[in-house]
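Peer 1: sequence first, predicted model second:
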Amino acid sequence: MIVLVAEVKGSVTIFEVEPLQKGYKVKIKIIICFLLGMLFSANANDTNDAFEMVLIPGGTNSGTDPDFGAYSLTVGSFYMHSKEVTKEQWDEVYNWAITNGYTFYNSGDGRGSQIDQPVNNIHWYDCATWCNARSEMDGRTPCYAIDGGWICDTSKNGYRLPSTDEWKYAARGGVSGKRFPWGDTIDFSNANYRGSLTLPYDLSGSPDTSPIYHYNPTPYTSPVGSFAPNGYGLYDMGGNVQEWCNTVSPDPEITWHQRGLMGGTWLDYANYMRCGFDGWGVADDASYTRGFRCVTSEWHFPATFLYIN
């Protein structure tokens with residue numbers, strides 16, 4: 001008898017495959033389900049259980065955006081943080097990094113003492129440094145050449161920032177042709193942003209920031225994961241904080257150190273929340289509206305054992 005044993009976050013699942021006179025009778029459906037379960041439950045105990053990564057399946061998302069027209073995004077498979085990096089998560093890696101040879105320009109801020117708020121007031125170089133430090137903490141190969149022009153080697157298994165195409169593909173959550181990750185209209189039940197009385201797709205009926213989170217102290221960020229996820233299980237792909245990306249601006253009038261900033265913020269109007277909107281920012285400009293999430297090319301699967309009797 002062959003016994004497949006899978007351990008997923010402390011629970012154990014056992015699959016038995018009955019033998020035949022010559023070889024083993026493999027129940028294909030069971031094996032396929034087992035492998036898919038491994039693939040989609042890939043939440044590892046690396047730096048912290050809270051660093052949950054979700055699979056973004058590679059492919060092409062093409063369609064007609066209501067504001068930006070025809071588009072086509074093609075990416076390979078990768079894993080992405082389901083939520084924006086929190087101040088607590090930032091501090092865990094940052095405190096390790098500064099005692100292990102890493103240097104940051106900014107130490108990062110959060111909203112008051114709320115540990116589930118997204119880290120902010122960090123620039124692109126801080127995020128890339130943090131990704132390298134977290135990679136080293138987890139025994140991975142860092143992606144960024146900090147002393148080599150900040151080139152990102154995406155073939156490494158460390159953590160990095162997504163490209164703008166990866167981010168936009170992930171934000172659409174497998175749905176084509178929509179204005180936002182959830183549909184074509186927006187209100188304060190969808191995201192943390194600034195309302196508008198002039199944008200026809202903004203149904204908030206307010207010209208101000210979200211009344212749910214508009215209280216001292218600033219910034220008026222919301223706890224990560226406060227709104228429903230998109231089709232890939234990603235939270236806050238519109239609003240809360242803008243997210244740094246790797247891509248350098250293609251505009252020849254803009255210097256090379258302009259990097260992608262996607263998703264809009266708690267302070268931005270709904271037009272910045274749109275999936276097809278390209279935002280850019282000076283890489284060494286930190287702001288209380290800017291944060292990030294990481295991606296990686298591989299993720300640890302649940303422990304799996306094969307027993308043959």
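Peer 2: Happy to help now that I have it. Numbers count the residues shown, from 1 in each chain.
Peer 1: where in the chain is pLDDT low?
Peer 2: Residue ranges of the chain with pLDDT under 70: 1-50, 255-256, 300-309.
Peer 1: so for it, which residue is the most central one in space?
Peer 2: For the chain, the residue sitting closest to the mean C-alpha position, by C-alpha atoms, centre = their mean, is residue 81 at 3.7 Å.
Peer 1: any idea how far that residue is from residue 93?
Peer 2: Note on residue 81: its distance to residue 93, by C-beta to C-beta, to the nearest Å, is 13 Å. In short, each C-beta sits where N, CA and C put it, glycine included.
Peer 1: again with residue 158
Peer 2: In this view, residue 158 and residue 93 are 12 Å apart by C-beta to C-beta.
Peer 1: which residues do those two both contact?
Peer 2: Residues touching both residue 158 and residue 93 (C-beta atoms under 8 Å, 6 or more residues apart in numbering) are residue 134.
Peer 1: on the three-state scheme, residue 243 is what?
Peer 2: Here residue 243 is recorded as strand under DSSP: H, G, I helix; E, B strand; the rest coil.
Peer 1: got a list of what the residue nearest to the centre of the chain touches?
Peer 2: Here residue 81 is in contact with 51-53, 293-295 (C-beta under 8 Å, 6+ apart).
Peer 1: Throw the residues you listed into TSV and include secondary structure and neighbour count, thanks.
Peer 2: What follows is these, written out as TSV (DSSP: H, G, I helix; E, B strand; the rest coil; neighbours: other C-beta atoms under 10 Å):
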residue	secondary structure	neighbour count
51	coil	23
52	coil	17
53	strand	23
293	coil	29
294	coil	22
295	strand	23
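Peer 1: check these and tell me the two furthest apart.
Peer 2: Greatest spacing in the contacts of residue 81, by C-beta to C-beta: 52 and 295 (12.9 Å).
Peer 1: so what's residue 58 up against?
Peer 2: By C-beta under 8 Å, 6+ apart, the residues touching residue 58 are 75-78.
Peer 1: show me where this structure has helices.
Peer 2: 28-40, 87-97, 124-137, 164-172 (DSSP state H).
Peer 1: of all those helices, which one comes closest to residue 196?
Peer 2: So among the helices of the chain, helix 164-172 is nearest, using C-beta to C-beta, at 20.3 Å.
Peer 1: who are the neighbours in contact with residue 184?
Peer 2: Applying C-beta under 8 Å, 6+ apart, we find residue 184 in contact with 66, 178, 201.
Peer 1: the first one is in contact with residue 176, isn't it?
Peer 2: No: under the criterion of C-beta atoms under 8 Å, residue 66 makes no contact with residue 176, lying 11.6 Å away.
Peer 1: so what's residue 193 closest to, chain neighbours aside?
Peer 2: residue 239 (4.2 Å; C-beta to C-beta, 6 or more residues apart in numbering).
Peer 1: so the one you found is in contact with residue 269, correct?
Peer 2: No: the pair residue 239 / residue 269 is not scored as a contact, 10.5 Å apart, by C-beta under 8 Å.
Peer 1: turn the contacts of residue 81 into CSV, including distance to residue 182.
Peer 2: Shown next, in CSV, are the contacts of residue 81 (distance: C-beta to C-beta, whole Å):
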residue, distance to residue 182
51, 24
52, 20
53, 22
293, 18
294, 23
295, 21
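Peer 1: any idea which of those is the one closest to residue 247?
Peer 2: residue 295 (12.7 Å).
Peer 1: the residue nearest to residue 193 - how many residues pack around it?
Peer 2: A count of neighbours around residue 239, defined by other C-beta atoms under 10 Å, yields 28.
Peer 1: so who does it touch?
Peer 2: Residue 239 touches 190-193, 227, 263-266, 268, 273, counting by C-beta under 8 Å, 6+ apart.
Peer 1: for residue 159, same thing?
Peer 2: Counted by C-beta under 8 Å, 6+ apart, residue 159 has contacts 131-132, 134-135, 138, 140, 143, 294-296.
Peer 1: re the thing from before, out of the contacts of residue 58, grab the one that's most surrounded.
Peer 2: Highest neighbour count within the contacts of residue 58, by other C-beta under 10 Å: residue 78, with 22 neighbours.
Peer 1: contacts only, for that residue.
Peer 2: Residues counted as contacts of residue 78 (C-beta under 8 Å, 6+ apart) are 56, 58, 162, 166, 295-297.
Peer 1: which of those are buried? Put it as a ChimeraX command.
Peer 2: Listed next is the ChimeraX selection for buried residues among those, using 16 or more other C-beta atoms under 10 Å:
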select :56,162,166,295,296,297
